[in-house]
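Visitor: With the input below, show me the fold.
(2 chains)
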Number of protein chains: 2
Amino acid sequence: MINFTFSGSVDSALTDERKNQLTQIHENLYNKTGKGSDFLGWLDWPSTVQPEFLERIEKTAASIRVKADVLVVIGIGGSYLGAKAVLSALSPYFEQGKKQTEVLFAGHQVSGEYLKQLLAYIEDKEVVVNVISKSGKTTEPALAFRFLKKFMEARYGEDAASRIIVTTDEEKGALLNLAKDNGYERFVVPDDVGGRYSVFTAVGLLPIAAAGFSIERLLAGAKDAEETYKGVDFEKNPAIRYAAVRHHLYTEGFTNEVSAIFEPKLSFVQEWWKQLFGESEGKEGKGIFPASVVFTTDLHSMGQYIQDGKRNLFETFLLVKEADEDMTVFEADEDGDELNYMAGITLQEFNHVAYRGTSEAHLSGGVPQLSLSIEKLDEFQLGHLLYFYMLTCAYSAYLLDINPFDQPGVEDYKNNIFKLLNKPGY
Amino acid sequence: MINFTFSGSVDSALTDERKNQLTQIHENLYNKTGKGSDFLGWLDWPSTVQPEFLERIEKTAASIRVKADVLVVIGIGGSYLGAKAVLSALSPYFEQGKKQTEVLFAGHQVSGEYLKQLLAYIEDKEVVVNVISKSGKTTEPALAFRFLKKFMEARYGEDAASRIIVTTDEEKGALLNLAKDNGYERFVVPDDVGGRYSVFTAVGLLPIAAAGFSIERLLAGAKDAEETYKGVDFEKNPAIRYAAVRHHLYTEGFTNEVSAIFEPKLSFVQEWWKQLFGESEGKEGKGIFPASVVFTTDLHSMGQYIQDGKRNLFETFLLVKEADEDMTVFEADEDGDELNYMAGITLQEFNHVAYRGTSEAHLSGGVPQLSLSIEKLDEFQLGHLLYFYMLTCAYSAYLLDINPFDQPGVEDYKNNIFKLLNKPGY
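Guide: All right, here's what the predicted structure looks like:
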């Protein structure tokens, strides 16, 4: 269970009016009667996912691990960030100890230099490609796949088709047609799960499983969260309490939320979180602006602003209690660096102390302090955390009377680009 | 010269009153009579840096390249971000083609897992350490250096001293004493240059030179900027115009500045920029909140918020005209992905179009649009850009009547931590 704390009074955020609102939201959510309720497939996904589906993912992942040094995952937005967040959180920092198949991304941006160097890097390695796109028409992944498909066909000839896996719509779209014509293996992006809520579908699961992590444990954590947080208990449900507090702060003028971590491997969980909340809430001139910092690094950077700058922000720490690996400060013969007073303390203990010291300082600087804690960084805890965020995000957007599941604003720049490129039909 | 554009009227930001203010700031800056004027060493640094100093850096860097597979740079804040920003912007994405000496960082956070895995990674490699800390007492780098010093002594015995280089205060401090006692080579952090303004001192130059990049060109670019922007010409000086516009927007309620790039290698220039502006301006309850996005990646994430969310933000694009390496969209036999209409376009051209389409869309969504362009990503242009940012940051903070060069707020959490750890004297 996520441990949620708030420096102020949660009760003051849970007024009777807001409790009524939240009760109504709860009803709309679980009865699928709210805005955007066609996109609630993620809500009971962990408890209803079919074992045969997971077995198929595992089987494909196992074959990728056997035949590939590198899996190139092509996707952007929700087709990129879920897998990237989980893989970054669970992988070691340096190459040694990396799982046998390295997962690289493409089509998540349009740098010619990146793509060229990626193709050079994989030239002498065994490669499998997983291209992920609901419509198959999103420009960035489509562009990357055009280059990768050519690379694979030049490299493997007719065998290329057995090394390309497509995750796309079940019934329509350019990518589905390409997959059918070429006989690529296919997985489905469900119709009722939007991109930023798709980490537990094939979109996230295949790359995560291919890298050697346990998707069974990931989904077990998500299922645990689904069951733990489905009630409307205002005293006990941290998903509701977190949503209520951040909404309360927003109405009080705290319009920026700064996510703060002490474990750098969580930085892509923060990126995933920014997409989830920014894209769900940022509509109709409303929404909390999500930003992120990595401590203690950024205590020597954005820390000054957080302590003393404009008072329109609150800070939400994402904390991990136990470190997977740790080091203990030892006593030195010469104490020239004056650190012997810390002898016997582990670096993780230092981070916990740094959290307390930082939180107290920022609170006294006028920054409301929230925290979310998990026990450790593993598949189960991550699955639990990501589901928790999705649920609390739905509550949060509904509190603003906003559809948490659409993204009307991302069409505007796309249409402009198509016009500028003279795309047929624009 | 940086090309600066603004979607609104620069003239409306340059009222007579603000021009008077800026003229006064200009005078205070160059006559060193403003707040914090003891820390203006960076202002004429590029034009006054001594050839002998650069030769010594180059010589040490050359010897590092000969004897080290890995240079571990220990530092945090300004002792980390300058070198990191330049190295990230100039290095290739994948290992192939990396310069002979790999630069890794430590002491920029306190992850036990990171440090342990770093030590395992360098165990069978030849190593040199450059530890950077003005006082020598900042906890994070001091902790990392305690572990690295032990590693180096166990690995190299008496020769360890010849593989440790210290960049610190000239006259005092724990690290200086350690360096003297052990006979480490030393470089100086000048008294009149704060951490976030120190990239052109030994703090940034030694790691950048050790990685094989031209510090001569970097400084030539900075010198070019120093000379180009030192006048007070309101019509021509983009450093003053950018400062005036962002301040004007701040007074109009646009209190978040979102830096947006299309070249992912600039993401640590954004981190450096966030420290520079956040730490310089974020004081006394004032300051623009700096945030960053990487496009087109984040058009599928924070893009929705920028287009349609709360209208208290403006967007500043950092653009690069020419790509170093590029790829051209080719015509495919089957147009299953429907991209043949783009055949002949390079990916960099696509990014330029994406910039135009995005900027038009976000402007029509009510987000003021600013842009800063450089010609290409090389040492000269980067040196020019970083100096430009430092100068415009000084103008910006002075417009808020804030000392751009101190960081009083970062002491608060440090004192709390020392108390919690029972550090002698706290």
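Visitor: hey, let's count contacts and neighbours off CA atoms from now on
Guide: Fine.
Visitor: Do the lengthiest helix in chain A and chain B come into contact?
Guide: Criterion DSSP state H: the longest helix present in chain A is helix A:379-399. No. Counting by Cα under 8 Å from any Cα of the partner chain, chain B is not contacted by helix A:379-399; separation bottoms out at 11.9 Å.
Visitor: so where is chain A shaky, pLDDT-wise?
Guide: Across chain A, the ranges flagged by pLDDT under 70 are A:96-99.
Visitor: cutoff 90 now
Guide: Residue ranges of chain A with pLDDT under 90: A:1, A:94-100, A:135-137, A:324, A:333-337, A:410-412, A:425-426.
Visitor: could you check the distance from the most centrally placed residue in chain A over to chain B?
Guide: Nearest to the mean C-alpha position of chain A, by Cα atoms, centre = their mean, lies A:Trp272 at 3.0 Å. As judged by Cα to the nearest Cα, to the nearest Å, A:Trp272 and chain B stand 8 Å apart.
Visitor: I'd assumed A:Ala85 was in contact with that residue.
Guide: Yes. Contact criterion Cα atoms under 8 Å: A:Trp272 and A:Ala85 qualify, at 6.5 Å.
Visitor: Please save the CA atoms from stretch A:415-426 in CSV.
Guide: The C-alpha trace of stretch A:415-426 is given here as CSV (Å, rounded to 0.1, in the frame of the first residue of the first chain):
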residue,chain,number,x,y,z
ASN,A,415,-2.8,19.5,-38.4
ASN,A,416,-0.5,22.5,-38.8
ILE,A,417,2.4,20.2,-39.6
PHE,A,418,0.4,18.2,-42.1
LYS,A,419,-0.6,21.5,-43.8
LEU,A,420,2.9,22.7,-43.9
LEU,A,421,4.1,19.4,-45.4
ASN,A,422,1.3,19.5,-48.0
LYS,A,423,0.1,16.1,-46.8
PRO,A,424,-2.7,14.9,-49.1
GLY,A,425,-6.1,15.8,-47.6
TYR,A,426,-4.8,18.7,-45.4
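Visitor: Check whether it comes near chain B.
Guide: Yes. Shown here: stretch A:415-426 in contact with chain B (Cα under 8 Å from any Cα) through A:Asn415, A:Asn416, A:Ile417, A:Leu420, A:Leu421, A:Asn422, A:Lys423, A:Pro424.
Visitor: For the helix or strand hosting A:Val66, buried residues please.
Guide: A:Val66 is part of helix A:51-67 when elements are defined by DSSP states H and E. Going by neighbour count (16 or more other Cα atoms under 10 Å in any protein chain shown), the buried part of helix A:51-67 is A:Leu54, A:Ile57, A:Glu58, A:Thr60, A:Ala61, A:Ala62, A:Ile64, A:Arg65.
Visitor: which residues sit in contact with the residue nearest to the centre of chain A?
Guide: Contacts for A:Trp272 (Cα atoms under 8 Å, 6 or more residues apart in numbering or on different chains) come out as A:Leu81, A:Gly82, A:Ala85, A:Arg196.
Visitor: and the third one, how many residues sit next to it?
Guide: Counted by other Cα atoms under 10 Å in any protein chain shown, the residues lying close to A:Ala85 total 24.
Visitor: Quick check: it touching A:Lys274?
Guide: No. Applying Cα under 8 Å, one finds A:Ala85 not in contact with A:Lys274, separated by 11.6 Å.
Visitor: residue boundaries of the helices in the stretch 1-150 of chain A?
Guide: A:10-13, A:16-30, A:45-48, A:51-67, A:78-90, A:112-122, A:139-156 (DSSP state H, counting those that start in this stretch).
Visitor: Pull out the buried positions in the second one.
Guide: Across helix A:16-30, burial judged by 16+ other Cα under 10 Å covers A:Arg18, A:Lys19, A:Gln21, A:Leu22, A:Thr23, A:Ile25, A:His26, A:Leu29.
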